[in-house]
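In: With the input below, show me the fold.
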Amino acid sequence: MRKNNWACFLLILAGIVIGGFIGSLFPDTWLNYGQSFGLSSPLILDLGILSITFGLSIRITIASILGIAVAVVIYRFI
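Out: Residues are numbered from 1 along each chain as shown. Coordinates of the predicted model:
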């Protein structure tokens, strides 16, 4: 039986979100320890009549990594 890659992708995204949520519930614990990277200030493209703002910031925490691991284990049992 072939497994669906979209299901794995969605489970990993859910693991990241739930792990980040759990990390934010306990802000002073080791679960919320992590690293942020991305654009520190947004990139603004002004074309006169149209202004577009680009920005991306990603925060990886221990809780989100644990969420990814749990999602992969769940995917293997599906």
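In: which intervals of the chain have sub-threshold pLDDT?
Out: 1 (pLDDT under 70).
In: Burial check on residue 61, number of neighbours?
Out: 21 (other CB atoms under 10 Å). (Glycine included, C-beta is placed from N, CA and C.)
In: swap that for residue 27, sorry
Out: 8.
In: And for residue 30?
Out: For residue 30, using other CB under 10 Å, the count is 10.
In: Could you report the distance from it to residue 68?
Out: Here the criterion is CB to CB, to the nearest Å. By it, residue 30 lies 17 Å from residue 68.
In: what do you get for residue 55?
Out: 24 Å.
In: go on, residue 35?
Out: 15 Å.
In: cool, residue 10 as well?
Out: Counting by CB to CB, the gap from residue 10 to residue 68 is 12 Å.
In: Neighbour count for the two, which is higher?
Out: residue 68 (18 against 13).
In: Could you name the helices and strands sitting against the host helix or strand of the more buried one?
Out: Per DSSP states H and E: residue 68 is located in helix 62-77. Identification of packing neighbours for helix 62-77 by 3 or more CB pairs under 8 Å, 6 or more residues apart in numbering; DSSP states H and E yields helix 5-25.
In: Quick check: buried residues in the helix it packs on?
Out: 8, 11-12, 15-16, 18-20, 22-23 (16 or more other CB atoms under 10 Å).
In: Next up, the contacts around the most centrally placed residue in the chain.
Out: By CA atoms, centre = their mean, the chain has its centre lying nearest to residue 16, at 4.7 Å. By CB atoms under 8 Å, 6 or more residues apart in numbering, residue 16 lies in contact with 64, 67-68.
In: any idea how far residue 19 is from residue 78?
Out: 19 Å.
In: what's the offset of stretch 70-78 from the middle of its chain?
Out: Distance, stretch centre to chain centre, for stretch 70-78: 18 Å (CA atoms, centre = their mean, to the nearest Å).
In: from now on call the first residue 31
Out: Renumbered: residue one is now 31, and that last one reads stretch 100-108.
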